[in-house]
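Asker: Here you go, sequence then predicted model.
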Amino acid sequence: MSAQPLFAQIKLHTYFGGGEVFAAHLAEAAASLGGSSVLVVHPDARHWADMHLPQTRLIEAHDWTEAVAKLPPGIPVITHAALPEAMAREITATRPLIGFVHMPLNHFYAESRHAYAACTRVVGVSNYVLETIRGLGIEPWPEPFYGVASAQRPGDGLGIVSASEFEWDRRKFRDRLLGLSEPVWSTLRRRAAYRKRDGLTLGIVSRLAPIKQFPLLMQLLAPELARHRDVYLEIFGAGGYASVRDLRQALKPLGNRVRFWGHQRDVARAYAGIDVLLTGLPEREALGLNVIEAQACGVPVLAPGAPPFTETIVTGQTGWLYADPRQAAAETGYPAFAELLAQIIAQQASGNWPDPRRALAHMEQFSRQAFAVRLGRLLSDID
């Protein structure tokens, strides 16, 4: 790797999610700008070996202290989570520190304010996130650093075959026990290849993480979905034991019209197998990488009418927004879910179906080219 490193990233999560995809796109963008990059990852995060990381040097570290100790000297550092405040100040004493904020810093994450305040630049991934950063008295880099709307993954072409819907947290005794026993009891379930059913297929393509609040959302929406016999729900993603358990309970009204497929590497095939992407609830969502990925694949999105979804969905062109079911529709200015679902079913029957890829100006915001341009501006801003 001969090109000059433009920055080093620290990404110590062991799970695979949107933040990992974002970090990989930063590495790609550095290469497109004629440079290289360094990526510090946890040894247990095996997914990096399969990611497309051109001109990238991988370094393994178990924690923040080890990660910082292994950083090459001089180059800017990018973090994707709030690191300890003292460590942030230690880094900024010798080099720029760029803190990417992948969560809205509202009351759920406000404790991160001190660590981010110590950064050279604080970068939000949506206007919604920028507003929450300003709400804590921190002035962020002024433009939203949107992700890339690409569903390309190393698993392209593998197809969809049912897998475990669980992510086991080895720190919990229950999860360790169930995780060890899963190979035994999971063999009792027949592995199936995905085949789309006739009707309207809604899909969840996401980690089943608590921030998405899928169990709560489905408690509110499942009774309405159950009223329509030709509406199906396919779930591509895995989550913790409690998240999956609670989501299954909430979806009982749908019976066999809901199926869990577990984590899938062929994400593009998952999007191709649904008619509409269904999001979670909005307030703990920063952008929704799956929202822009689905649109890039020609799949419209159905989401509550609130930030950040009002920022990433063009009503009628790239998807639909409905009133948050925890509020009266009249208070929100958006149609109730039941009313909008009936409209979508009728729209599918008429053949008048939106293709988000036709919204060229909207989709350009989420292109690789726009992403690389944003990165170039950000790096120039800290020189």
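Answerer: Sure thing, it's come through.

Asker: Enumerate the positions of the helix or strand harbouring Ile133 that are buried.
Answerer: Using DSSP states H and E, Ile133 maps to helix 127-135. Within helix 127-135, the residues scored as buried using 16 or more other CB atoms under 10 Å are 127-133. In short, each C-beta sits where N, CA and C put it, glycine included.

Asker: same check, this time on stretch 278-296
Answerer: 278-296.

Asker: the helices in the stretch 151-300 of the chain, which residues?
Answerer: 173-185, 214-226, 241-250, 267-272, 289-296 (DSSP state H, counting those that start in this stretch).

Asker: Deepest-packed of the ones you listed, please.
Answerer: Compared across the helices of the stretch 151-300 of the chain, helix 289-296 shows the largest average neighbour count, a mean of 27 (mean count of other CB atoms under 10 Å).

Asker: give me phi/psi at Leu379?
Answerer: phi -70, psi -40 (degrees, to the nearest 10).

Asker: That one: neighbouring residues, count only.
Answerer: 20 (other CB atoms under 10 Å).

Asker: Kindly state the pLDDT recorded for it?
Answerer: The model reports Leu379 with a pLDDT of 97.

Asker: Not counting residues beside it along the chain, what's closest to it?
Answerer: Leu6 (6.0 Å; CB to CB, 6 or more residues apart in numbering).

Asker: Poorly predicted segments of the stretch 101-250 of the chain, please.
Answerer: 108, 110, 154-156, 168-190 (pLDDT under 70).

Asker: would Ala30 count as being in a helix?
Answerer: Yes - counting by DSSP: H, G, I helix; E, B strand; the rest coil, Ala30 is part of a helix.

Asker: Count the neighbours of it for me.
Answerer: Applying other CB under 10 Å, I find that Ala30 has 27 neighbouring residues.

Asker: does it really touch Ala8, like I thought?
Answerer: No - counting by CB atoms under 8 Å, Ala30 does not reach Ala8; the two are 10.4 Å apart.

Asker: Common neighbours of the two, please.
Answerer: Shared contacts of Ala30 and Ala8 (CB atoms under 8 Å, 6 or more residues apart in numbering): Ser37.

Asker: Tell me the one among the buried residues of helix 127-135 nearest to Glu364.
Answerer: Taking CB to CB as the measure, Asn127 is the one of these closest to Glu364, at 16.5 Å.

Asker: Help me confirm that the closest one comes into contact with Pro142.
Answerer: No - counting by CB under 8 Å, Asn127 sits too far from Pro142 to count as a contact (10.3 Å).

Asker: What's the end-to-end length of stretch 279-298?
Answerer: Using CA to CA, to the nearest Å, the end-to-end distance of stretch 279-298 comes to 16 Å.

Asker: how far out from the middle of the chain is it?
Answerer: With CA atoms, centre = their mean, to the nearest Å as the basis, stretch 279-298 stands 7 Å off its chain's centre.

Asker: Give the rounded mean pLDDT of it.
Answerer: Averaging pLDDT along stretch 279-298 gives 96.

Asker: again with stretch 81-96
Answerer: 94.

Asker: what about it, how long is it end to end?
Answerer: 16 Å.

Asker: What are the buried residues along that stretch?
Answerer: 81-83, 87-88, 91, 95-96.
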